[in-house]
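[1] Starting from these lines, generate the structure:
(2 chains)
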Amino acid sequence: MLALDTLWFQVAGTICNITCTHCFISCSPKNHSHEMLSLADVEARLAEARALGVRDYYFTGGEPFLNRDMLDILAVTLKQGPATVLTNGMLLRKEICRRLCELADASEYSLDIRVSLDGFDAATHDAIRGAGVWERVMIGLRNLAEVGINPSITVTEAAEGIASADGRARFLDLIRSFGFSKPRLKVLPLFHIGAESARTRAYEDWERIEQLSEADAAVLQCSTSRMVTSKGVYVCPILIESGDARMGESIAETLRPFPLGHGACHTCWVSGMTCTT
Amino acid sequence: MHDVTRIAFIGGIYSNYHALVATLADIDARGADATFFLGDLGAFGPHPDRIPELLIERGIPGIQGNYEESLSSGATDCNCGYTDPRDNEYAQISYDYTSARTSDAYKRWMGTLPKEIRLDVNGHRVLLCHGSPRRINEFLWRSTSPDPFLHRLCDEHAADVIVCTHTGLHWHKALGGRRHLVNAGVIGRPANDGRTNVWYAMLTVGAEASVELIPIDYDHAALAREMRAERLPEEFVETIESGWWTTCLEALPARERAAGRY
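    Next up, the predicted model:
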C-alpha cells in the first residue's frame, strides 16, 4: 500500500434495479449481500478519510440512486472533496439532475457522473442489462444534458469492437449524438467473477499474478484505494464478494498490502485498469 | 522587520520561446530575487533547443519535468500520464518532434537537472516539483485536490509551500498557517479559457507567504506561424490562437473539462 488516495463507497450495497448478465458482483433487486449505507455511515467514514488525507471519493453499488440518502450523501462529501457517482442512468429524473447540478455548483470540488452503456444500441445494451433499459438511460442522459452535466460514459468490453480505435471513434460519435459536445469515454475490461463467470467463463488457474515487484504493484489501484461497504473495509470495488478481501473494520487498519491471489488481480495487472475515471 | 524575498516560478514551457522571452522580461520588470523553471521545457511548440539555450544563457536553475526525464533517458514517450488513446497519439507527435530536434548535449544537460529543489525562504520550507512531490506526472488539479489531501502532501514531504506545474492550469490555495499549494500553470499554452495569454507565479515571502498568478501576453501569432512552418498539428496551433485546448483533454476532471470549449 502506497497511500490512500481514493475511497470507494458501496453506497447501494449489492442492490440494483436491474440484473446485468456481466456484473462482477451479481447485483440485483434481491441481492442483499451488502446493504445500503446510510448518511451517518458515510459521514463517519468521511471523518476517518479526512484524517488520512484522502484525495477523492467514488460511489457505486448496485445502483447508487436507489439510496434515498444519495443526494444528502453527495452534499456532505462535496464539502470535503471531489465525488464521482457510477450509475446505470435509469433514475436520472429531471429533478435529480437539477439537484446534482446545484450540488456541483455549490462545491469547490468536482462532481462527476459516470453512466454505464454496454452497446452501441438498444439491442446490444439491453441484451446485457435487460429489456427497456436503453430507453430509460436515454431519458436520463437527455436530462443530464439539459442541465449541462457532461457525464463520463463507461463501456465494458462486452460492447463489441469497443477496444479498437474505430470502435472508440464510433462510440464517441454516439455520445455526441446524445447532445454532449465534449464526449467522455472510459472503457473497462470484464472480470470473470459473479454473473460474468456464467455469461462467458470463470478464471483459469493460470490467470494469477505470480510475482510483482513493489514498483509494479504500485500501479495497481489497491495500492491507493479502499472500498467501504456495510460489512467493513475491502481491498477494492471488484472483490467485495470474496471474504478474504475484507481487510478490517476501520480504514486505517486496512492500509497494508493485499495478497494479489485472485483472477481479478490478474485482470487489473494485464489490462492496466483502474476503476477510477 | 522581516526581509522580503520574491521568487518567480515558470511552469511548462512547451518550446514556447516567445512566451519565455515575454515572461522573463516581466519578471525583470517586477524584480525577483530568483527565478526557477519547473520542467517540461519542450512539447507542443517549435524549435525545442531554443529553450535550454536561453535558460542556460540566463543562468536560470530548475527541475526536470517528465519531458526532461524521458528525453535524457532515451525513453520512447513523454510519460505525460494520459490514459486516453487520442491524447496519447497527440502526445507522441509532440514527443517525437521534440526528441528529434533536441541536441544530445541538451539531453545530457536535462539528465543533470534535479527532480525537486528545496528552498528555505525566510524560514518557510518551499518545495519545487513538477507534477507533485511524490510523482513527476501526477496531476494536481484545483477541483480534485481537497485540503486534507494537500495537508498530507505537506506533512509527508516536509514542506510549507509546494510549487508544481504539469496540469497546464494555474491555481493557488492558501491552506492555513504557512501552507500553500501553488500550481504555477504553464507558459507553453494558454489556460483553456478562450484567452491567448499564458501564466506564471510569483511567491513573496516575508513574515508570511503570498502568491500572485501573473498573466503574460506574448506574440502568439509569431508562435503560430512558426508552428505551421514546422508542420506541427493544426490542433496545437488552434490552441495557441484561440486559447482553447483541443487535445490532452481526457485527463481533465469534470469541472475543468466543463470550463473549456472541447
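[2] Does the helix or strand hosting B:D87 reach chain A?
    Using DSSP states H and E, B:D87 falls within helix B:85-100. Yes: contact of helix B:85-100 with chain A (Cβ under 8 Å from any Cβ of the partner chain) involves B:85-86. C-beta: built from backbone N, CA, C; applies to glycine.
[3] so A:G194 touches A:S26, yeah?
    Yes: contact between A:G194 and A:S26 holds when scored by Cβ atoms under 8 Å: they sit 4.2 Å apart.
[4] who touches both of those two?
    Common neighbours of A:G194 and A:S26 (criterion: Cβ atoms under 8 Å, 6 or more residues apart in numbering or on different chains): A:E241.
[5] just to revisit the earlier point, and for the helix holding B:D87, what are the contacting residues?
    Helix B:85-100 is contacted from outside by A:165, A:168, B:15, B:42-44, B:48, B:67, B:70-71, B:77-78, B:80, B:82, B:230, B:232-233, B:235-236, B:247-251, using Cβ under 8 Å, 6+ apart.
[6] quick one: A:C97 from A:D72, how far?
    16 Å (Cβ to Cβ, to the nearest Å).
[7] okay, the two: which has more neighbours?
    Neighbour count, other Cβ atoms under 10 Å in any protein chain shown: between A:C97 and A:D72, A:C97 has more, with 21 against 15.
[8] pLDDT wise, what is that one at?
    Per-residue confidence at A:C97 stands at 98 (pLDDT).
[9] B:D84 now?
    For B:D84, the model assigns a pLDDT of 84.
[10] Hmm, it is touching B:E250, no?
    Yes: counting by Cβ under 8 Å, B:D84 does reach B:E250; the two are 3.4 Å apart.
[11] Now do the SS call for B:E226.
    Following DSSP: H, G, I helix; E, B strand; the rest coil, the label given to B:E226 is helix.
[12] which residues touch it?
    Neighbouring residues of B:E226 by Cβ under 8 Å, 6+ apart: B:45-47.
[13] Number of residues surrounding the one residue in chain B that gets nearest to chain A?
    Using Cβ to the nearest Cβ, the closest approach of chain B to chain A is made by B:R152 at 2.7 Å. Using other Cβ under 10 Å, B:R152 has 19 neighbouring residues.
[14] Make sure I have this right: it is in a helix.
    Yes: assigned with three-state DSSP, B:R152 falls within a helix.
[15] Now do the contacts for it.
    Residues near B:R152 by Cβ under 8 Å, 6+ apart: A:3, A:52-53.
[16] now do B:D219
    B:D219 touches B:18, B:22, counting by Cβ under 8 Å, 6+ apart.
[17] Secondary structure class of the residue nearest to A:G132 when sequence neighbours are not counted, three-state.
    Setting aside the residues directly before and after it, A:G132 is nearest to A:D126 in space (Cβ to Cβ, 6 or more residues apart in numbering or on different chains), at 6.9 Å. Here A:D126 is helix, with the state taken from three-state DSSP.
[18] My read is that A:D126 contacts A:V133, right?
    Yes: under the criterion of Cβ under 8 Å, A:D126 makes contact with A:V133 at 5.4 Å.
[19] ranges for the helices of the stretch 101-250 of chain B?
    Here the stretch 101-250 of chain B has its helices, by DSSP state H, counting those that start in this stretch, at B:104-112, B:147-156, B:220-229, B:234-242.
[20] buried stuff in the second one?
    The neighbour-count check on helix B:147-156 (16 or more other Cβ atoms under 10 Å in any protein chain shown) flags B:147-154 as buried.
[21] just the last one next, same as before
    Neighbour counts using 16+ other Cβ under 10 Å place B:236-242 of helix B:234-242 among the buried residues.
[22] swap in stretch B:47-58?
    B:47-52, B:54-55.
[23] contacting residues around it?
    Stretch B:47-58 has contacts (Cβ under 8 Å, 6+ apart) with B:13, B:15, B:17, B:20-21, B:24, B:37, B:41-42, B:62, B:98, B:101-103, B:106, B:109-110, B:226, B:230.
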